[in-house]
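S.K.: could you work out the structure for the sequence below:
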Amino acid sequence: MIRLCDILFSFFGLLFLSPLFLFVALWIVIDDPGPVFYRQQRIGKDGKNFGLLKFRSMRKDADKMSLITIGDRDPRVTRAGYYIRKYKLDELPQLWNVLVGEMSLVGPRPEVRKYVDLYTNEQRKVLSVRPGITDYASIEYIDENRLLAASSDPDKTYIEEIIPAKIALNMRFINHQTLGEYFKIILLTLTKIIR
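M.R.: This is a model prediction of the structure:
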C-alpha cells in the first residue's frame, strides 16, 4: 500500500509542480549558468547504487571539495541555491526517484558510499528498506548544516555524532512501517518546512 501511495503522490506531484520546476530551473540557469539538475551516486536498498536527483544549488564540481555542506553560507552554494536549499526545493526532483522505485517518500535519507562503508552491522539495517525523501531524522536534523558549521571538525562530527543519531531515528520508522506512520511523517515534514 505504501508503494502505491508513493507512485500516486510522486506522479501527481511531478505533474502539479511542473510550473514550479520550470521556475526553479530558470532561476538556477540565470543565477549560475550550467546544468539545472545534479545527480549524485547514493546507496539505496540492499546497498545498491542509484543516482539521486536534485536541483543544482552549488557551483559546478563543488562536490569534489567536500561531500557535506557546512553552514548556511557555504561559499560553494550559489545565490539561488541558498534559497532553493533553505526551502528544500532542491529535493523536489527526487519525486522522480520515488516514481521509478529507487526511493520512497518516507524512509532513511540515502548516504554516499564513503559514509555507508563506515556503518556497523547494526547500522546497515537502514539499507533493508527503500531510502526516502523524509523521515524522523530529516525532521530532527533539518538544520544539520548549522550544526556542522559550529564544529571544528565537521566530517568527524558528522561521522561520530550525527550519523548514529540519525540512524537511531531511522529505526523508528523501519521498525514500524505502517500507512499511518507514513502519513504522519509527511505531515510533520510539511509542518516543519512551513514553520
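S.K.: list the helices and strands the least confident helix or strand in the chain by mean pLDDT packs on?
M.R.: Within the chain, confidence by mean pLDDT, DSSP states H and E is lowest for helix 144-149 among all helices and strands, at a mean of 80. In terms of contacts (3 or more CB pairs under 8 Å, 6 or more residues apart in numbering; DSSP states H and E), helix 144-149 is packed against helix 154-157. No exception for glycine: its C-beta is placed from N, CA and C like everyone else's.
S.K.: and the helix it packs on, what does it pack against?
M.R.: Under the contact definition 3+ CB pairs under 8 Å, 6+ apart, helix 154-157 sits against helix 144-149.
S.K.: output the helix it packs on in PDB with nothing but the alpha carbons.
M.R.: This file holds the C-alpha atoms of helix 144-149, laid out as PDB (Å, rounded to 0.1, in the frame of the first residue of the first chain):
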ATOM      1  CA  GLU A 144      22.100  20.000  10.100                       C
ATOM      2  CA  ASN A 145      24.300  22.500   8.200                       C
ATOM      3  CA  ARG A 146      24.300  24.900  11.100                       C
ATOM      4  CA  LEU A 147      25.400  22.100  13.500                       C
ATOM      5  CA  LEU A 148      28.300  21.200  11.200                       C
ATOM      6  CA  ALA A 149      29.200  24.900  10.800                       C
END
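S.K.: can you pull out the helices in the chain?
M.R.: 2-16, 18-31, 79-86, 94-99, 113-116, 136-140, 144-149, 154-157, 163-174, 179-194 (DSSP state H).
S.K.: and of those, who's closest to residue 39?
M.R.: Nearest to residue 39 among the helices of the chain is helix 94-99 (9.9 Å), distances taken as CB to CB.
S.K.: what count of nearby residues applies to residue 143?
M.R.: Residues near residue 143, counting by other CB atoms under 10 Å, number 10.
S.K.: ignore what I typed, I meant residue 108.
M.R.: For residue 108, using other CB under 10 Å, the count is 26.
S.K.: same check, this time on residue 133
M.R.: Residue 133 has 25 nearby residues by other CB under 10 Å.
S.K.: so it makes contact with residue 96?
M.R.: No: counting by CB atoms under 8 Å, residue 133 sits too far from residue 96 to count as a contact (11.1 Å).
S.K.: which one is residue 89 nearest to, not counting chain neighbours?
M.R.: residue 24 (5.7 Å; CB to CB, 6 or more residues apart in numbering).
S.K.: so where's this structure uncertain?
M.R.: Scanning the chain with the threshold set as pLDDT under 70 gives 61-73.
S.K.: thank you, goodbye.
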